[in-house]
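Q: I need the structure of the sequence given here:
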Amino acid sequence: MTGAIRLYTSNRLELLAEQLAGVVAAPLADPFEQEVIAVQSRGMERWLAMQLAGKLGVWSNCRYPFPNTLAWEMFRLAFPTIPEDNPYATEAMTWQLMEIIPRCFATPDFAPLCSYLTEDPLGVKLFQLAGAIADLFDQYTLFRPEMIRAWEWGVSCECCSWQAELWRRLAKGKKSLHRGALLGNFRKLLRSDAHLPGKLPARISVFGIPSLPPYHVEILAALASRCEVNLFLLNPSSKHWFQIVSPLEKVRKVFKNPNQPGLFDLLEVGNPLLASLGGQGRDFFEMLYEGYRLDEGRGGRFAQPDRDGMLHKVQSDILGLVDGTGPREPSLEIVAADRSLQVHSCHSPLREVEVLHDRLLDLFETVPGLVPRDVIVMTPQIDDYAPFIAAVFGGVKDSARRIPYAVADRTLASGGSLVRAFLELFDILDSRFEASRIMDLLENRFVAARFGLDDDGLAAARRWITESGIRWGIDAADRQEEGLPPFAENSWTEGLDRLLLGYAMPGDGTSLFSGILPFSDIEGGEARHLGGVITFAEALFARHRSQRTDCTPTEWAGYLSELLATFFLPDDEVQAEHLFLVSSFDELRKKSGDAGFTGTITLAVVRTWLMERLSTAGVAEGFLTGRVTFCAMLPMRSIPFRVVALLGMNDGLFPRQHRPSGFDLMAAAPKRCDRSIRNEDRYLFLESLLSARDALYISFIGQSGKDNAAMPPSVVVSELLDYAERAFMVAGVPENRQRDAVRERIVVKHRLQPFHKDYFTPTAKRLFSYSAENCAAAGSRLSGGGETAILAGLPLKLPDGDQRQLTIDQLLAFLGNPAGAFLKRAGIRIEGVEPPVEDREPFAANGLDSYKLSAELVTEYLAGRDPVDKIASFLARGVLPPAGPGRAALAALRERAGHFAAVVAPFAALPALEPIEIECVISGCRLTGRLTGINRDGLLRYRCARLKAKDQLSCWVHHLFLNLCAPEGYPRRSLLVASDGHREFPPCANAGEHLATLVELYLKGLCEPLPFFPETSYEVATNPGKSEKLLSIWNGYQSGKIRHKGERERERAFDLFFGALPPEDLFASPGFREIAQAVYQPLFASLAKENR
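A: Numbering: from 1, shown residues only. So this is what the prediction gives:
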């Protein structure tokens, strides 16, 4: 049929590809001419190219433009004078509107815009508004070209007067270049006998696009008069279904037309799923058949599913336009082994991915010939799920359970490591320069590489920043510019000055030079890293100061390029991201310049522009790579896969809800084939259902992670389940329970934790897991113990050789953390968590810093020196509040230390005796050490702090060695003085026995983790009955807004071995109480009477 669009339809994309192969197999007249096949995604391009190569043997010399690109190419062939880039592209219009809108404020019609932009000092609202209007105008040229033409003729209604005026100002001098005008001229030209300046393609094919706006179809119809145009469309049904309505639409139509009593019977639903989900395709096909000449001489090619599972029965019903929800038949009975339709209800995205991993392993085992490349996993929120996918699929160490995978469609804003670091740099330059954020940026591998810092250098930088007292702010002047008091304490400049001075002239930690306290803890090997840290910080400060003024887009483009080059050294892995950023900066310069924008913008506008650009730019990798493909749910993902999995099908998130702006004229008066995101998503779900060959897997967050409350799935999932409940049956179940029984067969409710016992219990057949680690964890929970795989093979053998030689300090370290000593002997290292870098200047000295300062002050007082000379150095350390509050805090510490020193002085002033060298054998172990702090009255230990169990235990061990090893004439008495009391130990006759008990515990503790915790065990030994304090000492407690960590949290080894046990079980265990009594009872019994 001459001048008609050749239409090819099928319910299977493979059959459409076969038809396309048959068309393109006929050679073009010009052997060098490229074949033109329009597609809607690069994933479809890749799949189609592989299909054609497989069917034709060789396939090349073809290009795959998107519909908009194809349309503009055709316009330029017809009208060579139009520019290469569309002057009415959204970004171009945005820059033009940025200048036009402020000039319109004096016009009364623009009062709403003027009011909206009243408080916009940074210009961000203006930029966003210009972008929103530009996007609307772009949609108007596509879907309402007749309205645009009316505006240009001066016709507009009151509701759109300001938009019409804005368009007229925008289009001034270039009315013929927008899509609406070009379409009209293009149709006239092609339908005439006039010669075209450019050569049209001999053949144009459009493949697999679910829906096209009338604009594009008009172009194709015009092209069909001059060249061959083929349209290959996926059609869900082989029947004429373009007039069917969904059950909800049927009710609405009847309700709106009460005067048509027979309307209900006239309206056909056909297949309820197709009627409900297929609205977009229905409108498109109806528009095609009603408005255009179509050549269907080749007919459609349709195929029934070749299997008989639930999924395939649903697909067959849609194909035949059959309502399968009628009377139940035995043939519709669900087979127990049917895995073709699965719905999984989980508690979180992480659990969704964990469950998916196990279910895919099951499918690979049970579905013949299924391999990873046959599986696609789609989600509406790929950026949110990508970290969980990497953690679960990328974290499997067992090769038997490892599934190769790839993640596609991640946006650069979330998926690009270089891009994320660049955005963080952007934010930092307009921030308070918090130390933690600066350190995080410096630890980025591209930044560290640029400034020559390796892992050792970064570790040194973190320590320097923390210990030099850097918290936030560049310097006093920078703080003053932010409207804050101009103090220099805890600023970057003060901290860096300390570092540089400490490198140039290391001090004693107390002497100041020009008011600066040199940071003396820079080791020789670390000095080479200091230059990189200083250069990095100074570069940040310089860029911060240079970006405070408004600039033109061209100037900002140069600034951004220089920023990227200064701070980042990209490697090969991120070359694509680097190239994108560089090209984006060039685009900023070019697009704004081409649009004629001459104004200035703020850094905030530049960041908004960049974020919008990055949020739409994807990471070009991962699709169809021979692995399980994870990707976003996008239109035209109807590529067939044996297994199609859909994650995150949650209520309210899919289908997406689109809220049009209040001035969207299309939303105010919608027309058939207008774009509807909700209808697109519903049709996408239908396409996904139809493209699954073996199984359709769906998961959603169906239970609350907080209280296990039920949460509904997406409405499209509910509709599918509703259809299945009425279409299938379960044998042996009464009719009144059939729907519940069917749902229970399809929907699997999962547990909150992957190591729940039900996954490893044979009776729970619908729940299973392939994870050996989770099985071990479940076994531990079932056995009632806190053991994990780390305890396999315990106890270890008794130590021998060097491990039977220890110092007094090693014995004390063991008693302070027996579980940690066991880990060290077992060769197990707990990955450390770096303490966070502080961002706030101290408002009070913390406990540790107060103790250190107090100890220094006490030392000065006991030496007979007045510490007034060291006040300046104490304040310069950065651990006290700045200015007056810091001096007040130091005065309080001096007063407390002075009182404490006065208490200790009578004992410390006694003549000192020589230290005792310790060397003895106890319980087969050789112990060595040195006892100091002994005078003629005995051993003295003091601590300007509250008395703790560890202090008493340490003094007790030293006291035992004093009594066992002291030479003749030495006193056997020991004294421990604290700020809240003292402990006196008189001579001990059986010190050897007590030390033997401790050494035997040491030997046992190297073989298995001992349930001994200095503070918690001390409380049990002190109060053998029920103690209210015990739980708070172990687990910690909340005091107002302050969280006090318990002993379990402070020592990670304690938590590793004993944290999973319920506290009441731990405290009641015989081993815990026996060891506490064995350690502390001799100590209590030996105390002087007044201390007991």
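Q: ok, which stretches of the stretch 651-800 of the chain are strands?
A: 692-701, 747-749 (DSSP state E, counting those that start in this stretch).
Q: Can you list the buried residues in the stretch of helix or strand residue 901 belongs to?
A: Using DSSP states H and E, residue 901 sits in helix 883-908. Buried residues in helix 883-908, counted by 16 or more other C-beta atoms under 10 Å: 886, 889, 890, 893, 894, 896, 897, 900, 901, 903, 904, 908. For the C-beta atoms, the positions are set from N, CA and C on the backbone; glycine is no exception.
Q: picking that back up, wait, which of the strands of the stretch 651-800 of the chain is closest to residue 440?
A: Of all the strands of the stretch 651-800 of the chain, strand 692-701 sits nearest to residue 440, with 30.3 Å by C-beta to C-beta.
Q: mind listing the helices for the stretch 551-700 of the chain?
A: Secondary structure of the stretch 551-700 of the chain (DSSP state H, counting those that start in this stretch): helices located at 553-567, 575-594, 603-616, 665-668, 677-691.
Q: Mean neighbour count, these: which tops it?
A: helix 677-691 (a mean of 22; mean count of other C-beta atoms under 10 Å).
Q: what about that helix, average pLDDT?
A: Averaged across helix 677-691, the pLDDT comes to 94.
Q: closest one to residue 917 among the strands of the stretch 651-800 of the chain?
A: strand 692-701 (66.8 Å).
Q: Alpha carbons only: can I get that closest one in CSV?
A: Output in CSV follows, covering the C-alpha atoms of strand 692-701 (Å, rounded to 0.1, in the frame of the first residue of the first chain):
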residue,chain,number,x,y,z
ALA,A,692,9.1,-13.6,31.3
ARG,A,693,9.4,-17.1,29.7
ASP,A,694,9.9,-19.4,32.7
ALA,A,695,9.2,-17.3,35.8
LEU,A,696,8.1,-14.0,37.0
TYR,A,697,9.5,-13.2,40.5
ILE,A,698,8.1,-10.2,42.5
SER,A,699,9.2,-8.9,45.9
PHE,A,700,8.1,-6.0,48.0
ILE,A,701,8.4,-4.7,51.5
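Q: hang on, the earlier thing: okay if I get the strands of the stretch 651-800 of the chain as CSV plus mean neighbour count?
A: What follows is those, written out as CSV (neighbours: other C-beta atoms under 10 Å):
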stretch, mean neighbour count
strand 692-701, 24
strand 747-749, 17
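Q: Could you look up the SS state of residue 977?
A: strand (DSSP: H, G, I helix; E, B strand; the rest coil).
Q: Dump stretch 78-87 to CSV, restricted to CA.
A: Taking Å, rounded to 0.1, in the frame of the first residue of the first chain, the C-alpha atoms of stretch 78-87 are listed here in CSV:
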residue,chain,number,x,y,z
ALA,A,78,14.3,18.8,4.6
PHE,A,79,15.5,22.2,5.9
PRO,A,80,19.3,22.3,5.9
THR,A,81,19.4,25.8,7.4
ILE,A,82,18.1,24.8,10.8
PRO,A,83,20.9,24.4,13.4
GLU,A,84,22.4,21.1,14.3
ASP,A,85,21.2,21.5,17.9
ASN,A,86,17.5,22.2,18.6
PRO,A,87,17.3,25.8,19.8
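Q: List the buried residues for it?
A: 78, 79, 82, 86, 87.
Q: And stretch 654-666, by the same measure?
A: 654, 655, 663, 664, 665, 666.
Q: Could I get the pLDDT score of the last one?
A: At residue 666, the pLDDT value in this model is 90.
Q: Would you confirm that it contacts residue 137?
A: No: between residue 666 and residue 137 there is no contact under C-beta atoms under 8 Å: 11.1 Å.
Q: re earlier: mind checking which of the buried residues of stretch 78-87 land in helices?
A: Residues of the buried residues of stretch 78-87 located in helices (DSSP state H): residue 78.
Q: In TSV, list the buried residues of stretch 78-87 along with pLDDT and distance to residue 453.
A: What follows is the buried residues of stretch 78-87, written out as TSV (pLDDT from 0 to 100; distance: C-beta to C-beta, whole Å):
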residue	pLDDT	distance to residue 453
78	93	58
79	93	57
82	91	52
86	89	46
87	89	47
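Q: returning to that earlier point: can you put the strands of the stretch 651-800 of the chain in JSON lines and add distance to residue 709?
A: Formatted as JSON lines, the strands of the stretch 651-800 of the chain follow (distance: least, C-beta to C-beta, whole Å):
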{"stretch": "strand 692-701", "distance to residue 709": "11"}
{"stretch": "strand 747-749", "distance to residue 709": "13"}
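Q: Tell me which of the ones you listed lies nearest to residue 957.
A: Comparing these by C-beta to C-beta, strand 692-701 comes nearest, at 54.6 Å.
Q: Now do the contacts for residue 826.
A: residue 796 (C-beta atoms under 8 Å, 6 or more residues apart in numbering).
Q: residue contacts, residue 614?
A: Here residue 614 is in contact with 411, 412, 413, 416, 419, 423 (C-beta under 8 Å, 6+ apart).
Q: circling back: tell me the helix or strand right after the helix holding residue 901.
A: Trace forward from helix 883-908 with DSSP H and E and the next one is strand 916-922.
Q: contacting residues around that next one?
A: By C-beta under 8 Å, 6+ apart, strand 916-922 touches 808, 926-931, 934, 961-962, 964-967, 970, 992, 995-996, 999.
Q: mean confidence for the helix holding residue 901?
A: 78.
Q: what do you get for stretch 652-659?
A: Rounded mean pLDDT across stretch 652-659 is 88.
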